[in-house]
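Undergrad: How does the following fold in three dimensions:
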Amino acid sequence: MTLSRRSEIEARERQVLAPYAALSCESRGRVYRQEEHPLRTAFQRDRDRIVHSSAFRRMEYKTQVFLPHEGDHLRTRLTHTMEVAQIARTLARSLRVNEDLTEAIALVHDVGHTPFGHSGEYVLDDLLAHNGGFNHNWQSLRVVDILEERYPEHPGLNLTYEVREGIVKHETSVVLSHPDFDSDPRPTLEASLVDIADEIAYNAHDIDDGVRAGLIGLEEVRRLQVFAGQHSPFDSGKSFEALSEDQRRHAVVRYLVNLQATEVLEETERRLMTMNITDLASVRQAPEKISDYSDRLEGPVEELKSFLMSKVYRHPNLVAMARRAEGIIRTLFDRFRKDTSLLPKRFQDMLETEEAEIVIADYIAGMTDRYAEQRYEYLK
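TA: Below you'll find the model as predicted:
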């Protein structure tokens, strides 16, 4: 049997991928120079480093929307990440861009998330108001650049420029800048696909988890505009009603993912043509987002997100959880700031070169929900 060598994979990328795809053999490289692997491309190597990292494993016990112990079938930060990676890879394959780069960015995009979901992020952002604030994308970069300890030759995971860029140039309202990255307004198309796959995933699975948790009902969901199409599962009449509750819920989720992904693919292809995107350089200089919903779906998706905000994210049960999370993180932050000897030795050593508040945030952000609760019970 002949092994598939790295050079063969790189040659196949040149033959198969679109001209605007990011080729692994043309990566801008790593901060710390390393010999290439004989079997894996640079982006495949990044993906594997991420999967084997401690921060990746800890996502299993970090909240997505609902606390992990509230139900074994509800999403965690890790299962959300896996769903994003699956959707993003499907989009990448359809558009003939680099699946390995897409997967690596998808798998790493949330490793900097705090315990207790976005509630934890908002609290740390407030606590670090005089230190530049806190953002989980920025924290993800700190994780892969500094906080992961796996190699004696260098700090962090030493990932490629393109994967790290995908973290920093996340297309959100929060604009991040870093001296390592150029001023091009956009990252690779692979990174943009991860951004929209992230939204596709949570739009669908937050409906799923909201129904499963009893916060919303399918009768409410079916009135949303996204289900007005002729292929909506609600329009299948008696056959839909004959399904079990789990099957009805899964039919709704499948429809939502398929509808959004299909619309994004069609709209992305249209924008690639109208913007005359012919290579990676034109991707980076695109005047607007290349991957997004069509005008036809934009309104229904906004309505869906507003529905989730009012009916799920602001539900009294989740608001109560957020308040409790805020209390836990504020208490931990205050205790560590008053007595930094309570920090693990590794973080105490970091105090020699970093501000105490930043180090404390690094430690807290890396905690799982249950570990944060354990430390809180011990220190309160």
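Undergrad: where along the stretch 1-150 of the chain do the helices fall?
TA: 6-16, 42-51, 54-58, 77-95, 99-108, 117-127, 136-142 (DSSP state H, counting those that start in this stretch).
Undergrad: Compute the first-to-last residue distance for stretch 135-150.
TA: 24 Å (Cα to Cα, to the nearest Å).
Undergrad: what about this protein, any weak spots by pLDDT?
TA: 1-3, 66-73, 171-177, 230, 236-238 (pLDDT under 70).
Undergrad: follow-up on the earlier one: okay, the helices of the stretch 1-150 of the chain, which one's buried deepest?
TA: Among the helices of the stretch 1-150 of the chain, helix 99-108 has the highest mean neighbour count (mean count of other Cβ atoms under 10 Å), at a mean of 28. (Each C-beta comes from the backbone N, C-alpha and C, glycine too.)
Undergrad: Assign N158 to helix, strand or coil.
TA: When classified by DSSP: H, G, I helix; E, B strand; the rest coil, N158 comes out as coil.
Undergrad: Confirm for me that it is in contact with R33.
TA: No - counting by Cβ atoms under 8 Å, N158 does not reach R33; the two are 9.3 Å apart.
Undergrad: of the two, who's got more company?
TA: More crowded of N158 and R33, by other Cβ atoms under 10 Å: N158, with 22 against 8.
Undergrad: Would you mind measuring from that one to R222?
TA: Distance of N158 to R222, computed by Cβ to Cβ, to the nearest Å: 49 Å.
Undergrad: one step back: any chance of TSV for the helices of the stretch 1-150 of the chain, columns distance to H250?
TA: Listed next are those as TSV, based on distance: least, Cβ to Cβ, whole Å:
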stretch	distance to H250
helix 6-16	33
helix 42-51	27
helix 54-58	27
helix 77-95	13
helix 99-108	22
helix 117-127	24
helix 136-142	29
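Undergrad: Of these, which is nearest P344?
TA: helix 54-58 (13.1 Å; Cβ to Cβ).
Undergrad: chain center to the closest one, what's the gap?
TA: Mean-position distance between helix 54-58 and its chain equals 14 Å (Cα atoms, centre = their mean, to the nearest Å).
Undergrad: Could you export it as PDB, CA atoms only?
TA: Coordinates of each C-alpha in helix 54-58 appear next as PDB, following Å, rounded to 0.1, in the frame of the first residue of the first chain:
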ATOM      1  CA  SER A  54      -6.800  20.500  26.700                       C
ATOM      2  CA  ALA A  55      -8.900  23.500  25.900                       C
ATOM      3  CA  PHE A  56     -10.800  21.500  23.200                       C
ATOM      4  CA  ARG A  57     -11.600  18.700  25.700                       C
ATOM      5  CA  ARG A  58     -12.800  21.100  28.300                       C
END
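Undergrad: helices and strands around that helix, which ones?
TA: Taking 3 or more Cβ pairs under 8 Å, 6 or more residues apart in numbering; DSSP states H and E as contact, there are no helices or strands that helix 54-58 lies on.
Undergrad: what's in contact with it?
TA: 50, 78, 107-108, 111-112, 143-144, 147-148, 366-368 (Cβ atoms under 8 Å, 6 or more residues apart in numbering).
Undergrad: Then stretch 335-351?
TA: 149, 356-357, 359-360, 362-364, 379.
Undergrad: one more time with 10 Å
TA: Stretch 335-351 is contacted by residues 127, 146-147, 149, 332, 354, 356-364, 366, 375-376, 378-380 when judged by Cβ atoms under 10 Å, 6 or more residues apart in numbering.
Undergrad: Just give me the longest helix of the chain.
TA: Criterion DSSP state H: the longest helix present in the chain is helix 245-274.
Undergrad: Tell me the buried residues in that one?
TA: Residues of helix 245-274 classed as buried under the neighbour-count rule (16 or more other Cβ atoms under 10 Å) are 248-249, 251-253, 255-257, 259-261, 263-265, 267-268, 271-272.
Undergrad: again, but for stretch 342-358
TA: 342-343, 347, 350, 357-358.
Undergrad: and the gap between T79 and D46?
TA: Distance from T79 to D46, by Cβ to Cβ: 21 Å.
Undergrad: Name the nearest of the buried residues of stretch 342-358 relative to D292.
TA: For the buried residues of stretch 342-358, the nearest to D292 is I358 (34.2 Å; Cβ to Cβ).
Undergrad: Off-centre distance for stretch 127-135?
TA: With Cα atoms, centre = their mean, you get 21 Å for stretch 127-135.
Undergrad: tell me the angle of the longest helix of the chain relative to helix 77-95?
TA: 40 degrees (axes from the mean of the first three to the mean of the last three Cα atoms, to 10 degrees).
Undergrad: For helix 245-274, name the packing helices and strands.
TA: helix 77-95, helix 189-212, helix 218-221, helix 238-241, helix 295-308 (3 or more Cβ pairs under 10 Å, 6 or more residues apart in numbering; DSSP states H and E).
Undergrad: Of all the ones you listed, which one comes closest to E288?
TA: helix 189-212 (10.9 Å).
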